[in-house]
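Student: The following comprises the amino acid sequence and a computationally predicted model.
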Amino acid sequence: MSFLCFITTDPRQKPSGMTTKVEQPSFPSVAGAERSGMPGAVWSSFPSVVVGNLSLWLSLSKRGNSMKKKKFELKSFSLILFIGLLLLAGLFPFYERTVEGSKAAAAVSVLLNVATAENQYFIKHKTYTYDWSALDKHLPRIPKKQGFLGAAPKAGYARFFAFTVKDAATGQDGFALDLQLNKEKTEGTATAVRKGGLFDYTLEMSLPEGVFACQAEGKIAKRLCNKLTVELEKLRTPQQESPVTPEAEKRKNN
């Protein structure tokens, strides 16, 4: 006879003589992770990674800000330069007219002195002259701030008036003073022709009347001549020591 035996065991019951240890799940600590080399090591390096990335981001941000600042400064400089060029372009013609006006006024003063010297020479010799050396006796000394008169050339040649000693000697950037007399040398005109300047014009002073005239080419030069003519209207020869020539007396009687 055989017997079938069914033995049932309760899993909750521990077999006699056997012990079981149930391990609770644990998470690696930083220290443990460093010892085991497990993912805890990554966790331990996370702060340094974050700090490194943050510093990199800050450096890139600063670099970007500096580049933007440089671009802004470059744009600002370009704008200021453009405005400065516009102002310079607008003021340069005014500056040119002002400088040229002062030079023309100095040349007119010298031309008046030449006319006065010719009239004084006429009083003594009853004739005008082409001889600059003879006129030097009656010409007043020109202040250095006003300009420089070149050496007296031969009779019949132009004499140069400039604003530096070099230009007066070489005949650059100044006025060519010349004398134009009639055959009897009883009448004439003293002229100053602009040389080496930005504008072309000629200053004239009649002898013996002392009437001023200015011949010019171009709008700016004509404006300059008109201004000089208006200013010199009151400086006509009646205020100067001018001789009465026979031709002038005839015109007066007629």
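Tutor: In hand now; what should we look at? Numbers count the residues shown, from 1 in each chain.

Student: Pass me the low-pLDDT residue ranges in the chain, would you?
Tutor: Low-confidence regions of the chain, defined here as pLDDT under 70, cover residues 1-73, 88-92, 234-254.

Student: show me where it has strands.
Tutor: Ranges of strands in the chain, per DSSP state E, are 148-149, 159-162, 174-181, 188-195, 200-207, 212-217.

Student: okay, these, which one's buried deepest?
Tutor: By mean neighbour count, with neighbours taken as mean count of other Cβ atoms under 10 Å, strand 159-162 ranks first of the strands of the chain at a mean of 24. For the C-beta atoms, the positions are set from N, CA and C on the backbone; glycine is no exception.

Student: Can you give the strand pairings for it, parallel or anti for each?
Tutor: According to DSSP bridges, strand 159-162 forms sheet pairs with strand 148-149 (antiparallel), strand 174-181 (antiparallel).

Student: For the shortest one, which outside residues touch it?
Tutor: With Cβ atoms under 8 Å, 6 or more residues apart in numbering as the test, strand 148-149 has contacts from 110, 139, 142, 159-165, 167-168.

Student: quick revisit: reformat the strands of the chain as JSON lines; add distance to residue 122.
Tutor: Putting the strands of the chain into JSON lines (distance: least, Cβ to Cβ, whole Å) gives the following:
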{"stretch": "strand 148-149", "distance to residue 122": "21"}
{"stretch": "strand 159-162", "distance to residue 122": "19"}
{"stretch": "strand 174-181", "distance to residue 122": "11"}
{"stretch": "strand 188-195", "distance to residue 122": "10"}
{"stretch": "strand 200-207", "distance to residue 122": "8"}
{"stretch": "strand 212-217", "distance to residue 122": "19"}
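
Student: Where do the helices of the stretch 51-200 of the chain begin and end?
Tutor: 132-135, 165-170 (DSSP state H, counting those that start in this stretch).

Student: Just list what the longest one packs against, helices and strands only.
Tutor: Based on contacts counted as 3 or more Cβ pairs under 8 Å, 6 or more residues apart in numbering; DSSP states H and E, the elements that helix 165-170 packs against are strand 148-149, strand 159-162.

Student: in it, what counts as buried?
Tutor: 167-168 (16 or more other Cβ atoms under 10 Å).

Student: on that earlier part again, nearest to residue 117, of the strands of the chain?
Tutor: Smallest distance to residue 117 across the strands of the chain (Cβ to Cβ): 9.2 Å, for strand 188-195.
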